[in-house]
Each structure stands twice: as C-alpha cells, then as structure tokens.
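Engineer: here you go, sequence then predicted model.
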Amino acid sequence: MPSDGSPDSGLGPSRPLDPTGRAALGLVVATNLLPLVGVVAFDWRVGELLAVYWIEVAVMVLAYSVVALFAERPIVLADRSFYIVGYSDDAERGEVWESDPEPIRVASWLPPVYRRKAGVVVRSLGVFGFLLFPLLGVGWDALDYLTPTVGLATLGICGAQVAEVHREFLAERAYEERSPYMVVEAAQRVVFFYFVIGVVTAVTVTAGLVAVEGFVAPGLIDATVDAVGVEAVVLPYLLPITIAKATVEWSRRRAHREAEPDGIATWFTGEDPRREWETEESTGDG
C-alpha cells in the first residue's frame, strides 16, 4: 500500500501467463522433465513412458489426418523444401483434382469434408513406417507395456488432441486457409523431427556406452547398474527424447501463436505457398 493509504493497483489480480513467455517455457520444460523424476525416484517403468510418448505421436498423426479432410485450399507442390510421405515435386494428384470439389456434410456443426482429399490422407499415412521403426528392436514385447496405466493415459491424450485440433483448426476456421497437404505436413514435420532425434540418440549414446565399457573404464557400467539401478543406462537415452518433446511442444506453440516465429519454431511453421507469394509481391512493390 502506498504511503498515502490508497490501494496499490500493482497488487491486483495477476496477469494471465504469457503463452510464449519465459514462465510458460519453464512450465513446459518442467512438465516434460517430471517423468524423468518418476523413473529415477519412483520406479516408473520406462517402457510404459515410451509407450505413452509413441501413442501421443500416433494419435496426433491420426487427428491431423482427419482435420485434413476439412481443409479447403488447393494443394501446391512446386518448389517445396519438405515433402510429406507419398509426395514429391512432380507427384501427380489425379484427374479428380481437375473437377470441382464435392462437399459432404457430415454434421451441421462441422464444416463439409471433401471426398477427393481422402486419397491425400491415405497416401500420407505411410508416415507410420517411421513410427514403426522404434518398435523393430522391441517386437511383440511392446504389447507388455499396454497396461491400464497406459490405457488411461491414452484416453487423456485422445482428449487433448481433439481439443488441440479443434482450437487450432476448427474454432478459428483455420481449415479455410490451409490445404490438406499443409495440415498433414504439420504432423509429419513432428514425426520427422522425432525420428532424427531418435536415430541420433540411439547411435551416439550406444557408441558412448560401448566406448566407456570397452576402452575407458571396463566394468564401470555394470558396477553403476548394480549400485544405482538400470536407470543409469536408460537415462542417457531418455533425456534427449524428453528434451526433444519439450522442444516440439514449445516450438509448435510459438509457430501457432506468433506471426513470424524464429529459430527452430520455423521448422514447425510449415510452408504456405500463398504466404511466400505475398511476401515476394510486397518485396517487389517496395
């Protein structure tokens, strides 16, 4: 309170958290690091945690595939730097794209879907080949991690993804400004990012552990596992994945909320040919 006894307006209700500010960044990082604490301190099963991560990405791909059916803009493939699975610079879209679209009204509260865009979605689902790659080393043992806990987490993930696509595409009618390709691309950029991080992590961490065990300090890893637990070997693999997940969440948030995001967020912004044309035109007019 000021010395004159008047109320201090600075002590009123706190301002809402800036969704792209430092406090929000700290919250995203802390939330994603929490599972590591659970693995180390509370004996959480790493397999269940990785299963939840995998399911989250798979559900995201499926959710964006459904939303792509509502997208209204035509597809432009020329001069892109990133092509989704099943497409390239000279990909043919078929004769159906030469005719007028036929909208199908599924429900009165939903925008119409377009039958010809189903082919785009089905074609793009080849991205699941990248998602299946991490399961090659696990095989059918992956089913052991489909526990009730993972099932409950999956329900939460599905609800969160429905809320996200509704907020990002339907509530603001963003589907009117995107092509089905652009919607699917947003999900596939995330998959490709995780794929690269996973491969780099697996190769570098494994090579590092082999070097330590074989050349630097033979027997050190076994001794550490006996003293601390298997988490000592698992954490070097899990930490980069956790950091990558926080990076994806933060970058996608910035890509969606900022007009011109910079840094790694530009990767998750995607390519909009019309935006690039408008930029070139404005530069030419200047």
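Structural biologist: Structure received. Numbering: from 1, shown residues only.

Engineer: going forward, measure contacts and count neighbours with C-alpha atoms only.
Structural biologist: OK.

Engineer: quick one: Trp250 from Leu33, how far?
Structural biologist: 14 Å (Cα to Cα, to the nearest Å).

Engineer: mind checking which of these two has more residues around it?
Structural biologist: Higher neighbour count among Trp250 and Leu33: Trp250, with 20 against 16, using other Cα atoms under 10 Å.

Engineer: spit out the contact partners of that one.
Structural biologist: Applying Cα atoms under 8 Å, 6 or more residues apart in numbering to Trp250 gives the contacts 20, 25, 28, 265.

Engineer: for the second one, helix, strand, or coil?
Structural biologist: Secondary structure state of Leu25, per DSSP: H, G, I helix; E, B strand; the rest coil, is helix.

Engineer: quick check on Tyr114: phi, psi?
Structural biologist: phi -120, psi 120 (degrees, to the nearest 10).

Engineer: count of neighbours near it?
Structural biologist: 18.

Engineer: try Ala30
Structural biologist: 12.

Engineer: check Glu168 too.
Structural biologist: Using other Cα under 10 Å, Glu168 is surrounded by 15 other residues.

Engineer: got a list of what it touches?
Structural biologist: Glu168 neighbours (Cα under 8 Å, 6+ apart): 174, 256.

Engineer: I figured Phe195 hits Phe128, correct?
Structural biologist: No: using Cα atoms under 8 Å, Phe195 is not in contact with Phe128, being 11.2 Å away.

Engineer: show me where this protein has strands.
Structural biologist: With DSSP state E as the criterion, the chain has strands at 103-104, 113-114.

Engineer: point out the most buried one among the ones you listed.
Structural biologist: Mean neighbour count (mean count of other Cα atoms under 10 Å) peaks for strand 113-114 among the strands of the chain, with a mean of 20.

Engineer: and it, what does it pack against?
Structural biologist: Packed against strand 113-114, as judged by 3 or more Cα pairs under 8 Å, 6 or more residues apart in numbering; DSSP states H and E, are the following elements: strand 103-104.

Engineer: nearest the geometric middle of the chain, what residue?
Structural biologist: Val190 (4.2 Å; Cα atoms, centre = their mean).

Engineer: contacts only, for that one.
Structural biologist: Applying Cα under 8 Å, 6+ apart, we find Val190 in contact with 248, 268.

Engineer: quick one: it and Glu249, what's the gap?
Structural biologist: For Val190, the distance to Glu249 - Cα to Cα - is 10 Å.

Engineer: now do Ser81
Structural biologist: Using Cα to Cα, Ser81 is found at 23 Å from Glu249.

Engineer: which of those two has more residues huddled nearby?
Structural biologist: Per other Cα under 10 Å, whichever of Ser81 and Glu249 has more neighbours is Glu249, with 18 against 10.

Engineer: neighbours around the spatially closest residue to the more buried one that is not a sequence neighbour, how many?
Structural biologist: Spatial nearest neighbour of Glu249, chain neighbours left out: Val28 (7.5 Å); criterion: Cα to Cα, 6 or more residues apart in numbering. Residues near Val28, counting by other Cα under 10 Å, number 16.

Engineer: helices of the stretch 151-286 of the chain, start to end?
Structural biologist: For the stretch 151-286 of the chain, the helices defined by DSSP state H, counting those that start in this stretch cover 180-211, 220-228, 231-257, 265-269, 273-285.

Engineer: mean neighbour count, the ones you listed: which tops it?
Structural biologist: Highest mean neighbour count among the helices of the stretch 151-286 of the chain (mean count of other Cα under 10 Å): helix 265-269, a mean of 20.

Engineer: for that one, packing partners?
Structural biologist: helix 180-211, helix 231-257.

Engineer: so which of those helices comes closest to Leu152?
Structural biologist: Of all the helices and strands packed on helix 265-269, helix 231-257 sits nearest to Leu152, with 20.1 Å by Cα to Cα.

Engineer: same question for the closest one, mean pLDDT?
Structural biologist: Averaged across helix 231-257, pLDDT comes to 89.

Engineer: check the contacts of Trp250 and tell me the two furthest apart.
Structural biologist: Across the contacts of Trp250 (Cα to Cα), the longest gap, 14.8 Å, separates Val28 and Ala265.
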